[in-house]
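Chemist: fold the following, please.
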Amino acid sequence: MRQYLNWKTYLLLAALGIVTASLVYTNKLAKKLEREEKKKMVQLVRAIKTLNEAPYNQDLSFMNQLLEENTTVPFIIASGQQTVQYVANIDTVGKRDGQQLLEQKLKEFSEEHPPIVIDFGFGTSYVYYGDSYLLKQLRYFPYVQLGIISLFLIVALIALSAAHRSIQNQVWVGLSKETAHQLGTPLSSIEAWLELLKDHEENKEAVEEMQKDLDRLKLVADRFSKVGSSPQLEEENLVTRVESMVHYMQKRAPSKVKITIDTDEPEIPVYISGPLFDWVLENLMRNALDAMDGKGSIAVKVVNTPQQVFVDVQDTGKGIAKHQIKKVFNPGFTTKKRGWGLGLSLSRRIIEKYHHGSLFVKSSEVGKGTTFRIILRR
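Modeler: Got it, this is the predicted structure:
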């Protein structure tokens with residue numbers, strides 16, 4: 001269960017707790033206010049009945065005061081035929097559809113509360129009343145509060161995610177620049193020693209192999225130096241680039257692993273940074289090799305469309321569990337015993353930030369394999 005919980009989950013649960021508590025408490029207040037308004041209406045009905053039945057010379061100032069002080073609860077007194085006899089706290093002055101409005105209010109009030117019966121002795125009338133404006137506001141308040149908290153959560157999550165990404169970027173850039181810097185000094189020294197070894201003919205074969213490894217190390221250092229800066233994108237044939245990386249990785253793959261490339265077009269021109277794009281492909285294929293335990297296949301498929309180019313890297317490895325798919329691009333996440341867990345993070349950064357494309361897990365099934373997809377825009 002812990003693997004599904006993070007600070008965002010706890011923040012959401014806290015917000016839901018606040019809203020739930022507010023909803024329960026506000027609902028209790030609304031019911032209490034509703035009971036008070038019902039008591040007020042019962043008192044008003046008694047006052048109206050008293051005013052109608054009282055002798056001419058009786059002091060009715062208190063009853064009149066009760067009627068005058070009710071400025072919040074709207075009500076309508078109607079006869080048995082629903083003929084309107086008296087209206088309070090409903091504005092119909094100057095409205096052409098005043099009668100229609102009263103009929104509508106009468107229907108609404110009858111649905112909200114059962115009418116209170118007044119028996120005058122010579123006839124029966126009914127008092128229909130609705131909720132006061134304050135009671136309506138109180139009932140809608142939790143939903144307004146929910147909207148405010150939701151907006152706050154969205155803004156907070158966006159701000160925190162942006163800050164988190166900024167910190168990640170600084171870490172990546174700092175790590176990459178420092179790695180390139182640390183590699184630079186020994187590489188220069190090794191290159192100088194190779195020049196001395198070239199003076200002796202008997203070292204020719206060894207020097208050639210060492211030169212290949214040195215060039216490879218220079219390429220790695222160059223890749224790291226480009227992370228954190230804005231690399232120059234140049235138009236290249238993507239198919240040629242992918243083919244060279246497939247051949248490179250096939251030589252270094254176990255004998256029981258077959259790496260193939262599938263494309264319908266021999267030439268697909270796109271703007272890329274060659275060294276960095278090669279690094280992404282290498283990372284994806286190395287991860288695929290690690291997931292296959294020395295046997296299986298890797299298929300790299302390139303699909304060209306007018307707006308986009310798709311590069312799919314599909315393997316027949318162990319696959320990724322569903323709950324881990326969203327984590328594979330997080331810095332530090334790895335299922336291998338060794339490794340920093342930065343390969344896929346850097347790969348996504350290279351594709352999204354420098355090439356303005358996208359890199360994601362297209363599909364994965366445990367025990368059957370995984371497909372990563374790169375999308376490059378035209």
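Chemist: what are the ranges of the strands in the stretch 151-300 of the chain?
Modeler: Secondary structure of the stretch 151-300 of the chain (DSSP state E, counting those that start in this stretch): strands at 234-237, 256-263, 269-272, 295-304.
Chemist: of all these, which one is nearest Ser161?
Modeler: Nearest to Ser161, of all the strands of the stretch 151-300 of the chain, is strand 269-272, at 27.8 Å by C-beta to C-beta. For every residue, glycine as well, the C-beta is placed using N, CA and C.
Chemist: from the contact counts, what lies against that closest one?
Modeler: Helices and strands touching strand 269-272, by 3 or more C-beta pairs under 8 Å, 6 or more residues apart in numbering; DSSP states H and E, are strand 234-237, helix 238-252.
Chemist: for the strands of the stretch 151-300 of the chain, give me TSV that also has mean pLDDT, mean neighbour count and distance to Tyr128.
Modeler: Below are the strands of the stretch 151-300 of the chain laid out as TSV (pLDDT from 0 to 100; neighbours: other C-beta atoms under 10 Å; distance: least, C-beta to C-beta, whole Å):
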stretch	mean pLDDT	mean neighbour count	distance to Tyr128
strand 234-237	94	12	78
strand 256-263	94	16	76
strand 269-272	94	18	73
strand 295-304	95	18	69
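Chemist: follow-up on the earlier one: now, of the helices and strands packed on strand 269-272, which is deepest in the fold?
Modeler: helix 238-252 (a mean of 16; mean count of other C-beta atoms under 10 Å).
Chemist: domain map for the chain?
Modeler: Domain assignment for the chain by automatic domain parsing gives 2-130, 149-215, 231-377.
Chemist: which among these is found nearest to Pro142?
Modeler: domain 2-130 (4.2 Å).
Chemist: does Val127 sit in a helix, a strand or a coil?
Modeler: Of the three states, Val127 takes strand under DSSP: H, G, I helix; E, B strand; the rest coil.
Chemist: now the helices for the stretch 151-300 of the chain?
Modeler: Applying DSSP state H, counting those that start in this stretch to the stretch 151-300 of the chain gives helices spanning 204-226, 238-252, 274-290.
Chemist: pick the most buried one from the ones you listed.
Modeler: Mean neighbours per residue, mean count of other C-beta under 10 Å, is largest over the helices of the stretch 151-300 of the chain for helix 274-290, with a mean of 21.
Chemist: so which elements touch it?
Modeler: helix 204-226, helix 238-252, strand 295-304, strand 308-315, helix 343-349, strand 369-377.
Chemist: following the lowest-mean-pLDDT helix or strand in the chain, which helix or strand shows up next?
Modeler: Least confident helix or strand of the chain, by mean pLDDT, DSSP states H and E, is helix 61-69 with a mean of 64. Next in sequence after helix 61-69, counting helices and strands by DSSP states H and E, comes strand 75-79.
Chemist: tell me the average confidence for that next one?
Modeler: Averaging the model's pLDDT scores along strand 75-79 yields 82.
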